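Q: Structure here, sequence nowhere to be found:
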C-alpha cells in the first residue's frame, strides 16, 4: 500500500521551494512514490470526535512552485505519518493545533515531531537542559538582572523566547537609556521573559546548524556566517551558508542530545552551535537541509525518510 504523508506547514505562498526544508521533504517523498498532502494549522478540525485535516494533495514540486489539487477532508489517522512543520512562534494557535494532533495520536495517527514534546520544550530554553554545553545564560523579565548580567560578562546578546530567523536579537556592550527602552519593549515592561547570553566571538566563524536525524547527527553541517558589520549568522538575517564536515566537538554534543531527543519522539531536529557552545535546539521546523544538499550532494532528507 502506498504511504500517505501529511505535512502541516505555514502557507505555501510564503515558502520558497528552492530553499524550504518542508518542501524539500515533500519533493523527496514524491520522488520515492509516497502520496503527499499538505495543510495549515487552521485546516485541522474535530468532527464527530475525530481529528480531520482539510488538505490538498501535492502532485509536483518544482524549483519555483508547488502544484496541488483541490482540498479534501481526511482523518489524520488515515495518514501513514503526519509532520508538524509550522514555524514558530509557538503561540496559542500553535498549542491548540498540537492538542488536536495529540488527540489524533490517540486515534491512531503517527505524528513527528511528537506534539507533547513540542509543547514541553521551548527551543531557546531547551538547550539549558544540557547546561554543560551552553554559554553563560540568563532567562528573566527583570531589567536590573540583565544589567547585572551585562556588567559581569561585558558583551551580551538578548533575544525573545519565541523568535526565529535572527529577528529581535540585540548585542549590548552596555545598558544605556536606549538599550533600556529596547529591553522594556522586549519584556513588555518587565512582564515577559527573554533570554540573555554571553556574546561568543566565535560567531564570526559561523553559527553552525547540525541536523539530528533519528537521534544521530548528520555528517555535514551548515556554518551560517555573519556578513559585513552584522553579528547574526541566520540566513534570514543575511548570513552566508557554508557546508562543512561535522567536528569532533560538535559530534559529541549532538550525539548526547540526539540520544535524549529520540526518547521524546523527536526524530528530526536541528541544534545550533557557536564554537564549542550549544545555543538552541530546534524541534518545530528545523531547516538548512536544502542548503546542505545543494552544496555537498549529501542528502539528509533521504536518510530521514529511509529511517521512518
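A: Thanks, I have the structure now. These numbers were taken from a predicted model, which means no experiment stands behind them. Numbering: from 1, shown residues only.
Q: what bridges to residue 273?
A: residue 208, residue 278 (DSSP bridges).
Q: was I right about it contacting residue 257?
A: No. Contact between residue 273 and residue 257 fails when scored by C-beta atoms under 8 Å: they sit 10.3 Å apart. Where you see a C-beta, it was placed from the backbone N, CA and C, and this is true even at glycine.
Q: Count the residues that sit near residue 219.
A: 15 (other C-beta atoms under 10 Å).
Q: what's the spacing between residue 126 and residue 207?
A: As judged by C-beta to C-beta, to the nearest Å, residue 126 and residue 207 stand 17 Å apart.
Q: Out of these two, name the residue with the larger neighbour count.
A: Neighbours per residue, other C-beta under 10 Å: of residue 126 and residue 207, the larger number sits with residue 207, 28 against 22.
Q: which residues touch the residue lying closest to the more buried one once chain neighbours are set aside?
A: Closest residue to residue 207 apart from its sequence neighbours, by C-beta to C-beta, 6 or more residues apart in numbering: residue 233 at 3.3 Å. Residue 233 is in contact with 166, 203, 206, 207, 223, 224, 225, 226, 239, counting by C-beta atoms under 8 Å, 6 or more residues apart in numbering.
Q: Among those, which pair sits farthest apart?
A: Greatest spacing in the contacts of residue 233, by C-beta to C-beta: 166 and 223 (15.0 Å).
Q: remind me, longest strand of this protein?
A: strand 50-61 (DSSP state E).
Q: elements contacting that one?
A: strand 4-8, helix 21-31, strand 35-39, strand 44-47, strand 66-75, helix 92-106 (3 or more C-beta pairs under 8 Å, 6 or more residues apart in numbering; DSSP states H and E).
Q: can you list contacts of the shortest one?
A: Applying C-beta under 8 Å, 6+ apart, the contact partners of strand 44-47 are 8, 51, 52, 53, 54, 76, 97, 100, 101, 103.
Q: Max pairwise distance over the residues you listed: which two?
A: Of all pairs drawn from those, the one with the longest distance (C-beta to C-beta) is 54 and 103, at 16.4 Å.
Q: circling back: residue 285 is nearest to which of the helices and strands packed on strand 50-61?
A: Among those, helix 21-31 comes nearest to residue 285, with 6.7 Å by C-beta to C-beta.
Q: ok, and for that closest one, which residues are buried?
A: Of the residues in helix 21-31, 21, 22, 23, 24, 25, 26, 27, 28, 29, 30 count as buried by neighbour count, 16 or more other C-beta atoms under 10 Å.
Q: can you check stretch 212-224 too?
A: 212, 213, 215, 216, 217, 218, 220, 221, 222, 223, 224.
Q: Among these, which one sits closest to residue 142?
A: Distances from residue 142 to those, taken by C-beta to C-beta, are shortest for residue 224, at 31.0 Å.
Q: Now do the SS call for the residue nearest to that closest one when sequence neighbours are not counted.
A: Leaving aside its sequence neighbours, residue 224 sits nearest to residue 233 (C-beta to C-beta, 6+ apart; 3.7 Å). Recorded secondary structure, residue 233: coil (DSSP: H, G, I helix; E, B strand; the rest coil).
Q: next one: the one 3 residues further on
A: Here residue 236 takes the helix state, with states given by three-state DSSP.
Q: any idea how far the host helix or strand of residue 280 is from the chain center?
A: For residue 280, the host element (DSSP states H and E) is strand 277-282. Here the centre of strand 277-282 is set off from its chain's centre by 11 Å, with C-alpha atoms, centre = their mean, to the nearest Å.
Q: Going by contacts, tell me the helices and strands next to it.
A: helix 123-126, helix 248-263, strand 268-274.
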